[in-house]
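A.B. asks: no FASTA, just this:
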């Protein structure tokens, strides 16, 4: 433990704006926090080209039947799990398509497992348990850029010929040496020194939002700006599905409800059924041919009609 040097990490440095944080008034603290959080957005803008490279990998993985796998410890690990678990209800994918792995196991999401991040071998073992293969993209998350658990995971992923990427919040991060694509989003010192759950975590989540959302858009889970594969798992989402069909087709609620019932709750199928005036089975067949993309299915239908 004595040979660990954190002095070079900007995330560990003291923020000159908050040297007397404990003496500041509440309004002053939250004003500074808000100002510092804006820096996370600016920092992400500086790494968009790297984010795009990662998305190229994740989209390719999904199209080959592979997975997007986030792996991290502590706050970074929790952010990966958070992004992953939102994908099934939002985009209608299996919980095995975007996977979040956290050091210490699932229980570490709710209660910190101290020391889990220091186990390099465990990172490799956790990926082995997922039966990793070369269709997967593994994304290591570590704000500090030095977490042994994440480094071990990426090193193992490389041996499996997976695409690998890292997201860290310091320049020249150690983890970058183990990733094919390294995203180093420098967010600077936190208002509370070393507490990377703050703007460093914010920056990480912004990037994860981009990766998962764009990956789903490019694999047919979105039509226009509508989440057309939304899963109707509660009353709010049932109404949202109706609204999505209404907005996509410009129809009345009763027509949307009826189409959803006929389509087994599949908003995408209901939309195509109404747009093209076809039955459910025909709509499903068109979606299969178009890779699940409504716009492509509509274009294919129009082309076929012109050929007749």
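C.D. replies: Yep, that arrived. Small disclaimer: the values here were computed from a predicted structure and weren't measured.

A.B. asks: Tell me, how many residues neighbour residue 27?
C.D. replies: Neighbouring residues of residue 27 were enumerated by other C-beta atoms under 10 Å; the total is 8. To be clear about C-beta, it is placed using only N, CA and C from the backbone, and glycine gets the same treatment.

A.B. asks: Against residue 37, how distant is it?
C.D. replies: Using C-beta to C-beta, to the nearest Å, one gets 16 Å for the distance from residue 27 to residue 37.

A.B. asks: What ranges in the stretch 201-308 of the chain fall below the confidence cut-off?
C.D. replies: For the stretch 201-308 of the chain, applying pLDDT under 70 flags the ranges 306-308.

A.B. asks: just the strands in the stretch 151-300 of the chain please.
C.D. replies: Residue ranges of the strands in the stretch 151-300 of the chain, as given by DSSP state E, counting those that start in this stretch, are 163-168, 181-184.

A.B. asks: ok, now the stretch 1-150 of the chain?
C.D. replies: With strands called from DSSP E, counting those that start in this stretch, the stretch 1-150 of the chain shows them at 68-72, 98-102, 137-141.

A.B. asks: Dump these into JSON lines; add mean pLDDT as well.
C.D. replies: Formatted as JSON lines, the strands of the stretch 1-150 of the chain follow (pLDDT from 0 to 100):
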{"stretch": "strand 68-72", "mean pLDDT": "98"}
{"stretch": "strand 98-102", "mean pLDDT": "98"}
{"stretch": "strand 137-141", "mean pLDDT": "98"}
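
A.B. asks: Can you lay out the ones you listed as a markdown table showing distance to residue 114 and mean neighbour count?
C.D. replies: Conversion of the strands of the stretch 1-150 of the chain to a markdown table gives the following (distance: least, C-beta to C-beta, whole Å; neighbours: other C-beta atoms under 10 Å):
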| stretch | distance to residue 114 | mean neighbour count |
| --- | --- | --- |
| strand 68-72 | 16 | 29 |
| strand 98-102 | 13 | 25 |
| strand 137-141 | 18 | 30 |
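
A.B. asks: Out of those, which is closest to residue 50?
C.D. replies: strand 137-141 (11.8 Å; C-beta to C-beta).

A.B. asks: which neighbours does that closest one have in its sheet, and in what orientation?
C.D. replies: strand 68-72 (parallel), strand 163-168 (parallel) (DSSP bridges).

A.B. asks: In this structure residue 119 contacts residue 149, no?
C.D. replies: Yes: with contact defined as C-beta atoms under 8 Å, residue 119 counts as touching residue 149 (5.7 Å).

A.B. asks: Show me the domain layout of the chain.
C.D. replies: Residue ranges for the domains of the chain, per automatic domain parsing: 10-218, 235-307.
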